[in-house]
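Student: Based on what follows, work out the 3D shape:
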Amino acid sequence: MILIVDMNSKKDSLGFSEFVLPIVSIVSPFQEPAVKHYLELDDRSTKDCDRIILSGNALKDDVSLRHPENFDWLMKCEKPVLGICAGMQMLGLAFGCRLKESLGIGMTQIRTVKANPLFSLAFRAYGLHNCTLEPCEVFDVLAESESGIEAVKHRQKQMYGVLFHPEVRNKEIIERFLMM
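Tutor: Below is the predicted model of the structure:
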């Protein structure tokens, strides 16, 4: 089972249609996903899944980012995780990294700086974010843009984060994560 985590501040919010359902449509041909709101999760609720995808959320919806303690389960998690936008930001916060302002709206040129199984070379992606991760010892930087870090991987775990939205453009990144 693939677990998709709704990172929107309210369950069944308008952001669900924009940020979660496109991921569901990409994942469904591979495996029937389960969707849970982030407030419904703990380290026990992730035991039955094979992989976890943390969705993005709206620019002004930073509620989950103000409560990283809701994601303490990530520290114990041994499953592959893909964090998208707010999901990447939360991965960083859960492991003690810091965020820095970095407004990005629209198409962004991304350059790969470290080989990885999700993407390579340079490509264009859709961004919609207020901040990115500052460099930290826990994550390797996989990709950058002019405005900062665009993708990371945890140094010991199969946890990836992308700041851009592959569910909008570059859906093959999500597909590659599912097939790793």
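Student: Please give the element, helix or strand, for residue 131.
Tutor: Applying DSSP states H and E as the criterion places residue 131 in strand 122-133.
Student: which parts of that strand are buried?
Tutor: 123, 125-133 (16 or more other C-beta atoms under 10 Å). C-betas here are computed from N, CA, C, even on glycine.
Student: which residues in this structure form helices?
Tutor: Here the chain has its helices, by DSSP state H, at 14-15, 21-27, 73-76, 86-94, 172-179.
Student: And the helix or strand bottoming out on mean pLDDT in the chain, how far out from the chain middle?
Tutor: Ranked by mean pLDDT, DSSP states H and E, the weakest helix or strand in the chain is helix 14-15, scoring a mean of 80. A distance of 17 Å separates the centroid of the chain from that of helix 14-15, by C-alpha atoms, centre = their mean, to the nearest Å.
Student: that older thread, out of the helices of the chain, indicate the one that is most buried.
Tutor: Most buried of the helices of the chain, by mean neighbour count (mean count of other C-beta atoms under 10 Å): helix 86-94, with a mean of 26.
Student: From the contact counts, what lies against that helix?
Tutor: strand 51-54, helix 73-76, strand 81-84, strand 99-112, strand 122-133, strand 148-154, strand 159-162 (3 or more C-beta pairs under 8 Å, 6 or more residues apart in numbering; DSSP states H and E).
Student: among these, which is nearest residue 31?
Tutor: strand 51-54 (8.7 Å; C-beta to C-beta).
Student: outside of stretch 119-126, which residues touch it?
Tutor: For stretch 119-126, the external contacting residues (C-beta atoms under 8 Å, 6 or more residues apart in numbering) are 106-112, 142-143, 150-151, 162, 164-166, 168-170, 173, 176.
Student: Check which residues of stretch 56-70 are buried.
Tutor: Result for stretch 56-70 [16+ other C-beta under 10 Å]: buried residues 56-58, 61-65, 68, 70.
Student: swap in stretch 48-58?
Tutor: Buried-residue list, stretch 48-58, by 16+ other C-beta under 10 Å: 49, 51-58.
Student: Could you do stretch 161-168 as well?
Tutor: Applying a neighbour-count criterion of 16+ other C-beta under 10 Å, one finds 161-168 buried in stretch 161-168.
Student: Need the residues you listed in CSV (columns: distance to residue 117).
Tutor: Output for the buried residues of stretch 161-168, formatted as CSV (distance: C-beta to C-beta, whole Å):
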residue, distance to residue 117
161, 14
162, 13
163, 18
164, 17
165, 19
166, 14
167, 18
168, 21
